[in-house]
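Visitor: model the following, please.
(one chain, ligands or ions: 1)
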Amino acid sequence: MKASIPPTCRVIRNEPMSRHTSWRAGGCAAFYALPQTLEALQSLLHRIDKTEKIEWLGLGSNTLVRDGGFNGWIIATQHVMNDIHWLDNNRVYVGAGVADAKLARMCQQKGLTGAEFFAGIPGLIGGALAMNAGAWGSDTWSHVINVETMNRQGEIRQRQRDEFAVSYRHVGNRQGEWFIGATMQFDDNKNTVACDSNEVINIRQLLAQRADSQPTGMASCGSVFRNPDADYAARLIESCGLKGKRSGGAVVSEKHANFIINDHHASAGDIESLIETIQQTVQQQTGISLQTEVRIIGEQAK
Ligand SMILES: Cc1cc2nc3c(=O)[nH]c(=O)nc-3n(C[C@H](O)[C@H](O)[C@H](O)COP(=O)(O)OP(=O)(O)OC[C@H]3O[C@@H](n4cnc5c(N)ncnc54)[C@H](O)[C@@H]3O)c2cc1C
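Guide: Numbers count the residues shown, from 1 in each chain. This next block holds a predicted model:
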């Protein structure tokens, strides 16, 4: 740290990341920062020494911090970059700190369609941009026109969609920058007036389908593994007899085999060991190498 932190940015030392990740497991961040304004975020970045590690965090619904903790700065983004501006041609500027579900709801109220898939994803737009989050055949970057980014010096840039290498649950060529917002475009649902009840039912139906097929409401990070080409990770894991497989407090969900549930005070080590067991078993039995979708950071416990 070069100088004192800005007053509009709270910083907590040795903060357990189990409090801020949906798996409710894992070690501490050496520094957990909560900037309240964009200026505070810029100022914070400017003041953190170049040798120190930084990770931005949305709602932690796709992040696991190992039990040895993260020896650097975790910057929470949920109290900043919360703006939504409606533009012409069915476009909307949405800040990285806006919840995915809020964007889905607000698009529905505006009579726009195409954002419904966001309703069931329990993260922020920044996390959705970083992961190219998607569901029900749609994904985040299918709707992105351009993004605003911030670099380590706190400088803001506008970048076009084609500057990034976007693929299934992956966004490459990010040049060490973070997302602060995006201009996205959805469709005009000509048959839908604002708050049309059919549209409301549509989102409700999608959420109900999710609740039927996934262990919602339990500590997880959603799908742990990316689907391999032309197959489903859940199908492969189930076919290897791994449903119900346990490592300490972590267990493969009986409801959806691509979910690992923390049902009994799991450590990050329990979860990571179960991930490895699944990968080894699926590789041995099917020859397919499953790759994680979840982001794992930090150090192993000593
Ligand atoms: C019950 C459940 C269901 C889920 N269903 C789905 C689903 O249907 N589809 C799907 O795609 N995912 C799903 N997920 C996974 C997860 O919700 C998504 O990946 C989501 O987009 C992550 O958002 P987040 O804000 O929680 O990201 P975090 O976990 O906080 O961060 C994820 C990654 O993004 C980075 N990041 C966060 N914010 C920024 C930013 N502003 N700029 C740059 N990098 C950033 C982080 O450093 C990290 O590497 C599910 C998770 C759960 C728990």
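Visitor: stretch 170-186 and the ligand, are they touching?
Guide: Yes. Stretch 170-186 lies within reach of the ligand by C-beta under 6 Å from any ligand atom, at 178, 179. C-beta: built from backbone N, CA, C; applies to glycine.
Visitor: what mean pLDDT does that stretch have?
Guide: In this model, stretch 170-186 carries a mean pLDDT of 96.
Visitor: okay, buried residues for the helix or strand bottoming out on mean pLDDT in the chain please.
Guide: Every helix and strand in the chain was compared by mean pLDDT, DSSP states H and E; the lowest is helix 197-213, with a mean of 78. For helix 197-213, the buried set under the neighbour-count rule, 16 or more other C-beta atoms under 10 Å, comprises 199, 202, 203, 206, 207, 210.
Visitor: for those, which one is nearest residue 22?
Guide: In terms of C-beta to C-beta, no member of the buried residues of helix 197-213 lies closer to residue 22 than residue 210, at 14.7 Å.
Visitor: what's the closest non-adjacent residue to that closest one?
Guide: Using C-beta to C-beta, 6 or more residues apart in numbering and skipping the chain neighbours, the partner closest in space to residue 210 is residue 120 (4.7 Å).
Visitor: the stretch 101-250 of the chain: strands as residue ranges?
Guide: All strands of the stretch 101-250 of the chain, identified by DSSP state E, counting those that start in this stretch, fall at 112-113, 134-135, 138-139, 144-150, 156-160, 165-167, 170-172, 178-185, 187-188, 246-247, 250-252.
Visitor: quick one: contacts of the third one?
Guide: Contacts with strand 138-139, where a contact means C-beta atoms under 8 Å, 6 or more residues apart in numbering, come from 114, 117, 132, 133, 168.
Visitor: those residues also near the ligand: which ones?
Guide: Taking C-beta under 6 Å from any ligand atom as the test, the ligand is in contact with residue 133 out of those.
Visitor: so which of the contacts of strand 138-139 wins on neighbours?
Guide: Greatest neighbour count in the contacts of strand 138-139, by other C-beta atoms under 10 Å, goes to residue 133: 26 neighbours.
Visitor: and the residue nearest to residue 210, how many neighbours?
Guide: Residue 120 has 20 neighbours, counted by other C-beta under 10 Å.
Visitor: then residue 69?
Guide: The local packing of residue 69 (other C-beta under 10 Å) involves 22 other residues.
Visitor: now it: how far from the ligand?
Guide: Summarising the geometry, the distance separating residue 69 from the ligand, computed by C-beta to the nearest ligand atom, to the nearest Å, is 16 Å.
Visitor: just the pLDDT for that residue.
Guide: 98.
Visitor: what of residue 45?
Guide: Residue 45 carries a pLDDT score of 95 in this model.
Visitor: go on, the one 10 residues further on?
Guide: On the pLDDT scale, residue 55 is placed at 98.
Visitor: how about residue 274?
Guide: At residue 274, the model reports a pLDDT of 98.
Visitor: repeat for residue 2
Guide: Per the predicted model, pLDDT is 51 at residue 2.
Visitor: isn't residue 93 up against residue 185?
Guide: No. Under the criterion of C-beta atoms under 8 Å, residue 93 makes no contact with residue 185, lying 10.8 Å away.
Visitor: ok, the residue nearest the centre of the chain to residue 96 distance?
Guide: Residue closest to the average C-alpha location in the chain (C-alpha atoms, centre = their mean): residue 127, at 3.9 Å. Distance from residue 127 to residue 96, counting by C-beta to C-beta, to the nearest Å: 8 Å.
Visitor: what residues are shared contacts of those two?
Guide: Shared between the contact lists of residue 127 and residue 96 (criterion: C-beta under 8 Å, 6+ apart) are residues residue 58.
Visitor: quick one, helices of the chain?
Guide: Ranges of helices within the chain are 38-47, 100-109, 125-131, 197-213, 233-239, 268-286, based on DSSP state H.
Visitor: just these: most buried one?
Guide: Relative to the other members of the helices of the chain, helix 125-131 carries the highest mean neighbour count by mean count of other C-beta atoms under 10 Å, namely a mean of 26.
Visitor: circling back: okay, the contacts of strand 138-139 in CSV with distance to residue 48 next?
Guide: Written out in CSV, the entries for the contacts of strand 138-139 read as follows (distance: C-beta to C-beta, whole Å):
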residue, distance to residue 48
114, 38
117, 35
132, 27
133, 27
168, 32
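Visitor: hmm, which two among the contacts of strand 138-139 are most spread apart?
Guide: The largest distance within these, taken as C-beta to C-beta, falls between 114 and 168 and amounts to 18.3 Å.
Visitor: before we move on, back to that, can you list the helices of the chain in TSV and add distance to the ligand?
Guide: Written out in TSV, the entries for these read as follows (distance: least, C-beta to the nearest ligand atom, whole Å):
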stretch	distance to the ligand
helix 38-47	10
helix 100-109	7
helix 125-131	2
helix 197-213	7
helix 233-239	12
helix 268-286	13
